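Participant: Structure, please.
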Amino acid sequence: FQSREVDLDREMKGADANANVESKKPVVVHFRRCTDGQYVIPAHPTRAVTKVFIEGCKKCTFTFQCRVLTAFAEVWKSSDIACIHSPMGNGDQGSDVA
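Facilitator: Sure thing, here's the model as predicted:
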């Protein structure tokens, strides 16, 4: 079982070497081949997630504490997945299981 917090600034810099971390540019998050894990995308003052892709993951929970500007997570070739949107980090806002 693994637990990881996703840093939106670092992920954005990795995608675009010239990215300004103070930018309000939206973020696309793609999880691939994760197994038995818990992933947290923390709140961020200027970033919002606009697309969520979950591919080939098994037995994982993805908790989004940040702003999410989409109503759908695209999930394929995955099983036992939980996506939770908890803007204040309290875990009780809304959740869906795929």
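
Participant: which ones are touching Ser79?
Facilitator: Shown in contact with Ser79 (C-beta atoms under 8 Å, 6 or more residues apart in numbering): 58-59. For the C-beta atoms, the positions are set from N, CA and C on the backbone; glycine is no exception.

Participant: repeat that for 6 Å
Facilitator: Taking C-beta atoms under 6 Å, 6 or more residues apart in numbering, we find Ser79 in contact with Lys58.

Participant: so it bridges to which residues?
Facilitator: Residues in a beta bridge with Ser79, per DSSP bridges, are Lys58.

Participant: Against Val49, how distant is it?
Facilitator: When distance is defined by C-beta to C-beta, to the nearest Å, Ser79 is 23 Å away from Val49.

Participant: and what of Ala43?
Facilitator: 11 Å.

Participant: go on, Pro26?
Facilitator: 7 Å.
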